[in-house]
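Colleague: Sequence and predicted model, in that order:
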Amino acid sequence: MTVETKRLLTTSKAISEAIAQEMERDPSVFAMGEDIGTYGGIFGATEGLLAKFGPERVMDTPISETGFIGAATGAAIAGMRPIVELMFVDFFGVAMDQIYNHMAKIHYESGGNVKVPVVLTTAIGGGYSDGAQHSQTLYGLFAHLPGMKIVVPSTPYDAKGLMISAIRDDNPVLYMFHKGVMGLGWMTPNPRATGHVPEEPYAIPIGKADVKRQGKDVTIVTLSLMVHRALDAAEDLAREGIDAEVIDLRSVIPLDREAIIESVRKTHRLLVVDEDYRSFGLTGEVITSVVEGAFDHLDVPPARLAYPDVPIPYSRPLEQFCLPNRETIAAAARQLVV
Amino acid sequence: MPSNETLRAMHRQMVRIRLFEETIQQCYFEGKLPAFDIAAGPVPGEMHLAAGQEPVAAGVCAHLRPSDTVTATHRPHHVALAHGMDMRRMAAEIFGKDTGLGHGKGGHMHLFDPATNFGCSGIIAEGMPGAVGAALAARKQGRDDIAVSFFGEGAANQGAFHESLNLAAVWKVGVVFVCEDNDWAISVPKAKSTAIASNADRAAAYGMPGVLIPDNDPVAVYEAAGEAVARARRGGGPSLIEVKTQRLLGHFEGDPQLYRTAEEMERLKATDALHIFERRLVDTGVLAEADAAEAWTAARAEVDDAIGFARTSPYPQPSDALLHVFA
């Protein structure tokens, strides 16, 4: 008799393992950012790398995002594969020119002659009262600007496979990890932030969504921490006899429109759940894709549940009021089905 | 002191840059007059020409090899040519043609050339961090190649300037920062924008050598750059050179330059560094009159050939606009 044991990792450990394996495989890969060395990354994404690879390949930088993110672009053009961390996505304002005017555009401006293989990692998301400048997700903002791929994993398994793909990709890839999916000891415990991760390296293709729960009554399209919330809601709905399908986008750019449309063709109902701001963003894009691609299959108008168009408040009841959660997701899905 | 051969090569370089810029200027105004229409003619859009700034490019790039990275500004032609960019493909890019370096996707402010490791940016000072990264990459790859970052005096008040200098110094990577001080940030003179007289003094804040070249002299630039490049190559870290150079033309073509006095315009003509340099080489016997004339003739032919190539090259297919977002 064989006993099968599953290797369990938190998302943060899955990410650092992916980086370590790629650094072992490819000497052109290196990591830099604020507090990514000795500290191991504020959210643990680079834990243990300094001890393994030394300070030339795991570089703590000054608080100088324009400088070191721009340097990552320059190093990538010169043949390296940098992984560079913007500690919180909210800090993009001090370095956005380097990101969207340089990292994202040089390949296009060069007519394809210059490649910029940078992985820009960044922490996203709120729910723990960190206020308006440390809690946003903002993938919709970055996705609006052409030239960068964007991945937003929700599980340890996806986090490892998407990091390996991001590092091997010849394009700039924005790798956004939600603080609430990392499995950190100092965040509210989240059982879904720990999961099975194979030890050997594997790649998950960028641009492929994943059906995290099969269902036939309603499609819930979401990503990142909201996948966990939607799965919780789907369990509640199941007890009422509503069978929800939960699609984890995993990538924002490219967006897997086919997977969304395929699911809606089956369920005929669409709910989009998003922690990013409601207007001019991901929810609108997903719904438009379905209207364009599967309008005749919709039994009811599509619905969305997103962050209201307000800066993120500090006080717990204020912030929690704004965030989609298990109950509000279930309620929104229920409304589509009755 | 540069050898006579080097002096003649620098002269030839400056002449071909000057003729290129003057010819682009003529092409630029084709189809745009009498009522100036920035979108019309064979060379549409903004055009920033570098006539007068040849000494900086020629003096610095004389020390470089194609594997050295060079980043430049929205006014990049002189540096690109001095670093060895193919003039035909460069002209074709400026004309928006499919044979251009970027198949017409970049334009004159966005010239990227893997063959010479050249890149430029239309955003003030934001080309600088990339140079620091290129120098970092060279060290990681065990190469003694360096990076040179050209920028204007207007860039020295941007955060990216200060971040780049600090980062290069902290990492002790081989970057030469070259400030082309033409005294004008479009219409704002340096005296009104910058708290100190010389940006070379700012080098001290980042623990690196700073040198001021006060007179747009290609020989002085050559000598200062020689030291800085050698220091960078041997792992001695970054340096800053500021050259008080001259912008003979407007910020962009079509700029009425109402902010400049008639006296300044006269003075510019009288102190044109290219003509002074050429006269000096002839007077000191480094360059025969006939060789000086030959430099202009050869450059004329080279520029005419490049412009002809650009004119006769095909445009990209319109739908090619959708290509090359991703590799």
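Modeller: Cool, the structure landed.

Colleague: got the residues of the stretch 1-150 of chain B near chain A?
Modeller: Residues of the stretch 1-150 of chain B that fall close to chain A, judged by C-beta under 8 Å from any C-beta of the partner chain: B:69, B:71, B:100-106, B:110, B:112-114, B:117, B:119, B:121, B:123, B:126, B:128-138, B:140-141, B:147. C-beta coordinates here come from the backbone N, C-alpha and C atoms, glycine included.

Colleague: Would you list the buried entries among those?
Modeller: Neighbour-count burial within those applies to B:69, B:71, B:100-106, B:110, B:112-113, B:117, B:119, B:121, B:123, B:126, B:128-138, B:140, B:147; the criterion is 16 or more other C-beta atoms under 10 Å in any protein chain shown.

Colleague: Among these, which lie within helices?
Modeller: In helices, judged by DSSP state H, the following of these are found: B:M128, B:P129, B:G130, B:A131, B:V132, B:G133, B:A134, B:A135, B:L136, B:A137, B:A138, B:K140.

Colleague: can you list the residues you listed in TSV and add pLDDT?
Modeller: Compiled in TSV, those are given as follows (pLDDT from 0 to 100):
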residue	pLDDT
B:M128	98
B:P129	98
B:G130	98
B:A131	98
B:V132	98
B:G133	98
B:A134	98
B:A135	98
B:L136	98
B:A137	98
B:A138	98
B:K140	98
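
Colleague: which two from the residues you listed end up farthest apart in space?
Modeller: Based on C-beta to C-beta, the longest span within these runs between B:M128 and B:K140 and measures 19.3 Å.

Colleague: Report how many residues lie close to B:D37.
Modeller: Summarising burial for B:D37: neighbours were counted as other C-beta atoms under 10 Å in any protein chain shown, giving 12.

Colleague: for the residue lying closest to it once chain neighbours are set aside, helix, strand, or coil?
Modeller: Once flanking residues are discounted, B:D37 sits nearest to B:G31: 7.8 Å by C-beta to C-beta, 6 or more residues apart in numbering or on different chains. In the three-state summary, B:G31 is assigned as coil, counting by DSSP: H, G, I helix; E, B strand; the rest coil.

Colleague: where does B:G31 fall, phi/psi-wise?
Modeller: phi 80, psi 0 (degrees, to the nearest 10).

Colleague: What is the burial count for it?
Modeller: 13.

Colleague: Check A:G48 too.
Modeller: If we define neighbours as other C-beta under 10 Å, then A:G48 has 16 of them.

Colleague: for chain A, what spans make up the helices?
Modeller: Using DSSP H, helices in chain A cover A:11-25, A:49-53, A:65-77, A:96, A:106-109, A:139-143, A:156-168, A:225-239, A:257-267, A:282-294, A:316-322, A:326-337.

Colleague: Which stretch among the ones you listed is buried most, on average?
Modeller: Per-stretch averages of neighbours, counted by mean count of other C-beta atoms under 10 Å in any protein chain shown, single out helix A:65-77 among these, with a mean of 30.

Colleague: Report all helices and strands that that helix contacts.
Modeller: Applying 3 or more C-beta pairs under 8 Å, 6 or more residues apart in numbering or on different chains; DSSP states H and E, we find helix A:65-77 packed against strand A:29-33, strand A:81-88, strand B:69-72, helix B:128-140, helix B:159-171.

Colleague: And these: which comes nearest A:G131?
Modeller: Taking C-beta to C-beta as the criterion, A:G131 comes closest to strand A:81-88 out of those, the separation being 10.9 Å.

Colleague: Alpha carbons only: can I get the closest one in PDB?
Modeller: Taking only C-alpha atoms (Å, rounded to 0.1, in the frame of the first residue of the first chain), the coordinates of strand A:81-88 have been written out as PDB:
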ATOM      1  CA  ARG A  81      16.200  38.700 -16.700                       C
ATOM      2  CA  PRO A  82      15.500  40.900 -13.700                       C
ATOM      3  CA  ILE A  83      12.800  40.300 -11.200                       C
ATOM      4  CA  VAL A  84      12.200  43.700  -9.600                       C
ATOM      5  CA  GLU A  85       9.800  44.400  -6.800                       C
ATOM      6  CA  LEU A  86       7.500  47.400  -6.300                       C
ATOM      7  CA  MET A  87       6.700  46.800  -2.700                       C
ATOM      8  CA  PHE A  88       3.100  47.900  -2.900                       C
END
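
Colleague: Any part of whichever helix or strand comes after it near chain B?
Modeller: Per DSSP states H and E, the first helix or strand lying C-terminal to strand A:81-88 is helix A:96. No. In terms of C-beta under 8 Å from any C-beta, no part of helix A:96 sits within range of chain B; the closest distance is 10.4 Å.

Colleague: how far out from the middle of the chain is helix A:96?
Modeller: In this view, helix A:96 has its centroid 19 Å away from the chain centroid, taken as C-alpha atoms, centre = their mean, to the nearest Å.

Colleague: What residues sit buried inside stretch B:35-46?
Modeller: Counting neighbours by 16+ other C-beta under 10 Å, one finds that the buried residues in stretch B:35-46 are B:P42, B:V43, B:P44, B:E46.

Colleague: my bad, should have said stretch A:276-283
Modeller: If you call a residue buried by 16+ other C-beta under 10 Å, then stretch A:276-283 has these buried ones: A:D276, A:Y277, A:R278, A:G281, A:L282, A:T283.

Colleague: Hmm, the fifth one is touching A:A143, no?
Modeller: Yes. A:L282 is within contact range of A:A143, at 7.0 Å (criterion: C-beta atoms under 8 Å).

Colleague: Now for those two: what residues contact both?
Modeller: The contact sets of A:L282 and A:A143 overlap at A:V252 (C-beta atoms under 8 Å, 6 or more residues apart in numbering or on different chains).

Colleague: and stretch B:273-292, how far apart are its ends?
Modeller: 15 Å (C-alpha to C-alpha, to the nearest Å).

Colleague: Residues touching that stretch, excluding its own?
Modeller: Outside stretch B:273-292, the residues that reach it (C-beta under 8 Å, 6+ apart) are B:4, B:7-8, B:10-11, B:14-15, B:18, B:52, B:54-55, B:216-219, B:245-246.

Colleague: Now the buried members of these.
Modeller: When the contacts of stretch B:273-292 are checked for burial by 16+ other C-beta under 10 Å, the buried set is B:7-8, B:10-11, B:14-15, B:18, B:52, B:54-55, B:216-219, B:245-246.

Colleague: right, and the pair among those residues with maximum separation?
Modeller: Spatial extent of the buried ones among the contacts of stretch B:273-292 (C-beta to C-beta) is set by the pair B:R8 and B:Q246 at 22.3 Å.

Colleague: Could you tell me how many residues sit around the one residue in the stretch 151-300 of chain B that gets nearest to chain A?
Modeller: Nearest to chain A, among the residues of the stretch 151-300 of chain B, is B:E163, at 3.3 Å (C-beta to the nearest C-beta). B:E163 has 27 neighbours, counted by other C-beta under 10 Å.

Colleague: Was I right to think it contacts A:I69?
Modeller: No. Under the criterion of C-beta under 8 Å, B:E163 lies out of contact with A:I69, with a separation of 9.9 Å.
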